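Participant: I would like to see how this sequence folds:
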Amino acid sequence: MVSVDSMQVYRGMDIGTAKPSAAEQAEVPHHLLDVADPGEEFTVTRFQAAFQQALAAIEGRGHRALLVGGTGLYVRAVVDDLSPPGQWPEVRAEVESEQDTSSLHARLAALDPDAAARMEPTNRRRVVRALEVTLGSGRPFSTFGPGLDAHPPSPFRMVGLWLPRPVVAQRIQARVQAMVEAGLPDEVRALASRPDGLSRTARQALGYKEFLDGMGAEEAVAETVRRTKAFARRQRMWFRRDPRITWFGAAANPFAVLPALLGDWSRCLS
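Facilitator: A predicted model of the protein is given here:
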C-alpha cells in the first residue's frame, strides 16, 4: 500500500493524520509514511521522487501497488506524472506577507484570470503557489502543462468511495472527537515544542493548525470539524471532475463496497 497523503509523510504526526497503527503497518507493508521531519517543507516534487522509488521497488518484487489517499494534487502528480513549476522562495515570502487571502486572489485574477477561476478564493495555499509561480517565472501559472482540467489516459486504475453527505459529516464529527480523546492536543504541543517546530506545510494540517492558533479546546475541536467538512466538500468536487474514476457508493458502511471493489481489482489484474 502506498500512502498518497500530504501529511502522513511527517514523522510524529500520527493521531491527527489518522496514520495506520503499528499493527496495521505490520500486517500490510505501507510506503511513504514517516519520510520527512515535521520541521521540513515537503513538496510535490519530493513526493513524486519518493513515489517513483517506492513503485519501482514494489514492481521489482513482482507486486502491484495500491495507492490510497485523498490529497488531490499528489494523486494527480503521480497518476499523470505532472511536472510542477519551480520554486521562488523570496517571491513566496513577499506574497505570504499579505495576510488577506481574498486580496491575494484578486491580485492573481488580475495577473492570471484562468488560474484564479480554477481555485477557491479562500484556498490560501493554492493562491499563494499560483502567485509565486506567476511572479517568479514571469509566466501565468495556468500556462504550465496541460493543467489539472485535462484528464489524459493513465496506466493507473482509479476508484472512489461515495458516501451520503450526512454520513460523511457524522463520520468527521466522530473522527475528530476520537482524535482528541486519543491525545491530539498533546501530540500537537509535543511537535510544536521541538527545536525546529512545525514547518509551514506541516502546520497547515487539519487539527494541528487549530490547536496551534491558541484556541480553547472546544473552539479548536469545533473549528477542526468545520474545516474538515469544508475540505471534504472540496475533495468531493475535485475528484468528481475526473472522468477516469469509477465510483462505488454505500449508504452508510463503506465496507459494503468491498466485494465490488475487489471484483474490480481482480479484473484489473487479469
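Participant: helices and strands of this structure: which one has the lowest mean pLDDT?
Facilitator: helix 258-269 (a mean of 82; mean pLDDT, DSSP states H and E).
Participant: Tell me which other helices or strands it touches.
Facilitator: Here helix 258-269 touches strand 245-249, going by 3 or more C-beta pairs under 8 Å, 6 or more residues apart in numbering; DSSP states H and E. Backbone N, C-alpha and C define where each C-beta goes, glycine included.
Participant: between the strand it packs on and helix 258-269, how big is the angle?
Facilitator: Direction vectors for strand 245-249 and helix 258-269, defined by axes from the mean of the first three to the mean of the last three C-alpha atoms, to 10 degrees, enclose an angle of 160 degrees.
Participant: In the sheet, which strands lie alongside strand 245-249, parallel or antiparallel?
Facilitator: strand 158-162 (parallel) (DSSP bridges).
Participant: who's in contact with the next helix or strand after the partner strand?
Facilitator: Downstream of strand 158-162, the first helix or strand assigned by DSSP states H and E is helix 165-182. The contact list for helix 165-182 (C-beta atoms under 8 Å, 6 or more residues apart in numbering) reads 15-16, 18, 163, 207, 217, 221, 224-225, 228-229, 232, 251-252.
Participant: List every C-alpha atom in helix 165-182, with coordinates, as PDB.
Facilitator: Presented in PDB, the C-alpha positions along helix 165-182 are these (Å, rounded to 0.1, in the frame of the first residue of the first chain):
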ATOM      1  CA  ARG A 165     -23.100  13.900   2.800                       C
ATOM      2  CA  PRO A 166     -24.900  13.400   6.200                       C
ATOM      3  CA  VAL A 167     -22.900  10.200   6.700                       C
ATOM      4  CA  VAL A 168     -19.600  11.900   5.900                       C
ATOM      5  CA  ALA A 169     -20.500  14.800   8.300                       C
ATOM      6  CA  GLN A 170     -21.200  12.300  11.100                       C
ATOM      7  CA  ARG A 171     -18.000  10.400  10.500                       C
ATOM      8  CA  ILE A 172     -16.000  13.600  10.500                       C
ATOM      9  CA  GLN A 173     -17.500  14.600  13.900                       C
ATOM     10  CA  ALA A 174     -16.800  11.200  15.400                       C
ATOM     11  CA  ARG A 175     -13.300  11.100  13.900                       C
ATOM     12  CA  VAL A 176     -12.200  14.400  15.300                       C
ATOM     13  CA  GLN A 177     -13.700  13.600  18.700                       C
ATOM     14  CA  ALA A 178     -11.800  10.300  18.700                       C
ATOM     15  CA  MET A 179      -8.600  12.000  17.800                       C
ATOM     16  CA  VAL A 180      -8.900  14.400  20.700                       C
ATOM     17  CA  GLU A 181      -9.600  11.600  23.100                       C
ATOM     18  CA  ALA A 182      -6.600   9.700  21.700                       C
END
